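1. have a look; sequence and predicted model below, questions after that.
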Amino acid sequence: MKLKFVKNEKKLYEFDSEKVIWIQTRNKGTDVCLFQQAVKWIPFPLAEVREQLPQVEFIRINSELVVNMNYITFMGTDTCILENGMEILLGRREKRNGYRALMAIVDIRSKQSYTEKDQ
């Protein structure tokens, strides 16, 4: 899925959502970390960026950071570890909600793969 952001009808920022590892608020904008690419800053607030993200793939880890669940290798009670080795502390609210959301996605994906095997 392509994510498109346009600033002042002049500047276009475009990303493939599958390549987004994480997004984080910074300096009145948002950093976007892409797989095997440098972190890119875009002049849009995190809330605006989150509106375009597929909710099935992305999970809020703390008040400043949203992560693509496809890049999570471990999720504990206090931390989350990404494929690139980055360790992230979970926010208080997100500890409960994040773990539940991740388990729900794992359940949905396992059911999908089970159904695909039957066909």
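-> That came in fine, so what should we check first?

2. lowest-confidence helix or strand of this structure?
-> helix 92-118 (a mean of 62; mean pLDDT, DSSP states H and E).

3. which residues in this protein form strands?
-> Counting by DSSP state E, the chain has strands at residues 2-7, 11-16, 20-26, 29-34, 39-42, 58-62, 65-68, 72-75, 79-82, 87-89.

4. quick one, which of these is nearest to Gln52?
-> Nearest to Gln52, of all the strands of the chain, is strand 2-7, at 5.0 Å by C-beta to C-beta. Where C-beta positions appear, they are placed from N, C-alpha and C, glycine not excepted.

5. hey, C-alpha coordinates of the closest one in PDB?
-> Taking Å, rounded to 0.1, in the frame of the first residue of the first chain, the C-alpha atoms of strand 2-7 are listed here in PDB:
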ATOM      1  CA  LYS A   2       1.400   3.400  -1.000                       C
ATOM      2  CA  LEU A   3       1.300   6.200   1.600                       C
ATOM      3  CA  LYS A   4       1.200   9.600   0.100                       C
ATOM      4  CA  PHE A   5       1.600  13.000   1.800                       C
ATOM      5  CA  VAL A   6       1.400  16.300  -0.100                       C
ATOM      6  CA  LYS A   7       2.700  19.600   1.400                       C
END
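
6. fine by me, we can end here.
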